[in-house]
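> give me a 3D structure for the following:
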Amino acid sequence: MIFIHPCEKAKIAMHSRREFIGAAAAIAATSTLPSVGFAGPIPDIKGLNPIYDTDHLSAEFNKAYAAQRKHLPKLRLMCGNETAAQAAVKWARNEGQKFASRSGGHCFMGFSQNKNLVLDVREMREIKIDPAARRLRVGSGARLDIIYNAINPLGLSLAGGTFGGVGIAGHTLGGGFGARCRADGLLIDNLLAVDLITADGSKVTASATQNSDLFWACRGGGGGQFGLVTSFTFALQKRAPTHRIAIIEPANIQRTAEILFLWHHWTLNSPRHLTTHLQIGRRGKNGFLISLKGLAEGNRNDLMEELRLLLRRDAPVHDNLVTSNSTGDLIKQPHEGKSTTQANLLTHSHFLKGALSEQAVADIITAIQRHPNDAMTVNFEPIGGAVSDIDAKATAFPHRNVDFVVHVQADVHQPQDMGMKQAALDEMRSILTPIATEGVYANYPDLTLENWGHAYWGENLSRLKRIKQKWDPDNYFDHAHSIAKA
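This is a model prediction of the structure:
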């Protein structure tokens, strides 16, 4: 029997009421207005609700991760169920309108934004759990925090990301990696089925036994490419109590370089159930701030000793820095809970194979020091492990033979800081590009890339193009880095 988690259902209902109780009045007040720029009337279907750019709720639903890529659409169609989503796709096609699809999370490069029309599925976030079979069926509008809050109390885990505000749809379709991936693989490696509305308005299920080509493409081919996803079905993992690591430490240049060098070797030799993310940025005139956060299983005493050795401490790591007996999947970041909606986002990322050399570490640390505080942060995230157990052509995600993702980011809140921060990121790119692979994670897209199709999908691009041509020959699901344009 499918089990609908009662606590989470209540949370979802409460959250939905808060978000949409005002929407009902706004929609009622505006639904009789003509949709400016659109020829036909919006279908009168339960669960399909329009929000125009003149509605007072339009700005609230338009929050975006990067301010410079945000558009306030003339019309946002809120799709509350599969039938509504199907009607929205058909209506948009009849209108001859290109659109963006959005699930309520974020996209670094704004692929879920459109100035005219957005099909928004964030209301579709019902969660159904079968604990005995370890199966999860979740609506495409759910965020990771909502999902983890439902499954973690049951001792179950999903190998997804580490930031609660991430939407399940785009995260999954691009591959989906996080603190569990070295043990359990990518999110797409735990994906069993996808339900979506295709370009011709059909309801389709894709799995290993149904529409297997489409299923292959949805496992790493990226969001907004093959259809409007309405739900996902995942395999869950039984999870032992977890140790949560949260260490933030100011350090001088020598210690920062030492930890960065050792961390890569330490991670490569760590068991798969231990994963930490390392973030480095400037602090003060000559100092740095190191953030080491992650999850681990196993013996707590052994973990504490491993952390002590990594950090080259004579004394044991303080007990408060490692919280045990947790079943959570999230790694709370220092910036979590702080909105970046009004910030312009600068970012680029790279894959690394093997540990950094001493020269590379010196170049990275020197570049960080050369620029002002808050010029950039450099994040190192392990991948490898179970991810590398799967062949590069088994899914659309090709980057199976790498060990780390390095992600460089700056949030620009003041226009006068743009040049300084861009210069910092440009220098770091010049350092990382020669030592990185040619690949880039599709969920860390980069509009500055020239051969971005090859960077995202490598040798899998040609097969993706064939599948795209079959399922969406008119490139109806389109954005700046659509497969059809690669």
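
> would you confirm that residue 229 contacts residue 196?
Yes. Contact status for residue 229 versus residue 196: in contact at 4.5 Å, counting by Cβ atoms under 8 Å. The C-beta positions use only the backbone N, C-alpha and C, and glycine is treated the same way.

> who touches both of the two?
When contacts are counted by Cβ atoms under 8 Å, 6 or more residues apart in numbering, the set common to residue 229 and residue 196 consists of residue 218.

> and the helices in the stretch 301-450 of the chain?
358-370, 418-432 (DSSP state H, counting those that start in this stretch).

> just the buried residues of stretch 388-405, please?
388, 394-400, 402-405 (16 or more other Cβ atoms under 10 Å).

> mind checking what secondary structure residue 256 has?
helix (DSSP: H, G, I helix; E, B strand; the rest coil).

> rewinding a little: format the helices of the stretch 301-450 of the chain as a markdown table; extra columns: mean neighbour count.
Listed next are these as a markdown table, based on neighbours: other Cβ atoms under 10 Å:
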| stretch | mean neighbour count |
| --- | --- |
| helix 358-370 | 17 |
| helix 418-432 | 17 |
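
> closest one to residue 214 among these?
helix 418-432 (34.4 Å; Cβ to Cβ).

> and the residue most central in space within the chain, how far from residue 248?
Nearest residue to the geometric centre of the chain (Cα atoms, centre = their mean): residue 171, 4.0 Å. Residue 171 sits 25 Å away from residue 248, taking Cβ to Cβ, to the nearest Å as the criterion.

> okay, now residue 212: neighbour count?
Using other Cβ atoms under 10 Å, residue 212 has 11 other residues around it.

> which residue ranges of the stretch 101-250 of the chain form helices?
Along the stretch 101-250 of the chain, counting by DSSP H, counting those that start in this stretch, helices occupy 144-151, 168-174, 181-184, 212-218.

> ok, and which of these has the densest surroundings?
Across those, the average number of neighbours (mean count of other Cβ atoms under 10 Å) peaks for helix 168-174, which reaches a mean of 28.

> can you list the residues that contact it?
Residues beyond helix 168-174 that count as contacts (Cβ under 8 Å, 6+ apart) turn out to be 103, 105, 107, 112, 121, 138, 140-144, 147, 160-161, 187-188, 191, 218, 220-225, 229, 232, 397, 441-443.

> hmm, which of those are the buried ones?
103, 105, 107, 112, 121, 138, 140-144, 147, 160-161, 187-188, 191, 218, 220-225, 229, 232, 397, 441-443.

> where does the stretch 301-450 of the chain have low pLDDT?
Along the stretch 301-450 of the chain, segments meeting pLDDT under 70 span 332-342.

> now with 80, please.
326-328, 330-342 (pLDDT under 80).

> the stretch 1-150 of the chain too?
In the stretch 1-150 of the chain (pLDDT under 80), the answer is 1-40, 59-71, 104-112.

> and the strands in it?
48-52, 75-79, 100-102, 117-120, 127-130, 135-139 (DSSP state E, counting those that start in this stretch).

> need the contact list for residue 401.
353, 388, 392 are the contacts of residue 401 under Cβ under 8 Å, 6+ apart.

> count the neighbours of the residue lying closest to residue 200 once chain neighbours are set aside for me.
Leaving aside its chain neighbours, residue 200 sits nearest to residue 93 (8.0 Å; criterion: Cβ to Cβ, 6 or more residues apart in numbering). By the criterion of other Cβ under 10 Å, residue 93 has 16 neighbours.

> the residue sitting furthest away from the middle of the chain and residue 308: what is the separation?
The C-alpha centroid of the chain is most remote from residue 314, which lies 37.7 Å away (Cα atoms, centre = their mean). Remark: distance between residue 314 and residue 308 (Cβ to Cβ) = 8 Å.

> quick revisit: what's the closest of the helices of the stretch 101-250 of the chain to residue 65?
Using Cβ to Cβ as the measure, helix 168-174 is the one of these that comes nearest residue 65, at 11.1 Å.

> now the closest one: mean pLDDT?
Taken as a whole, helix 168-174 carries a mean pLDDT of 95.

> ok, now which ones touch residue 117?
Counted by Cβ under 8 Å, 6+ apart, residue 117 has contacts 38, 73-77, 92, 95, 97-100.

> between those residues, which is nearest residue 455?
residue 100 (22.0 Å).

> and the closest one, how many neighbours does it have?
24.

> ok, what's across the strand from it?
Note on residue 100: beta-bridge partners residue 118, judged by DSSP bridges.

> that one is in contact with residue 224, isn't it?
Yes. Residue 100 lies in contact with residue 224 (Cβ under 8 Å); the separation is 6.8 Å.

> what do the two both touch?
By Cβ under 8 Å, 6+ apart, residue 100 and residue 224 have these common neighbours: 111-112, 479.

> closest one of the buried residues of stretch 388-405 to residue 47?
residue 396 (30.5 Å).

> what are the phi and psi values for the closest residue in space to the closest one that isn't next to it in sequence?
Nearest non-adjacent residue to residue 396, counting by Cβ to Cβ, 6+ apart: residue 220, 3.6 Å away. The phi/psi pair for residue 220 (degrees, to the nearest 10) reads phi 120, psi -10.

> now residue 220: how far from residue 141?
Distance from residue 220 to residue 141, by Cβ to Cβ: 21 Å.

> no further questions, thank you.
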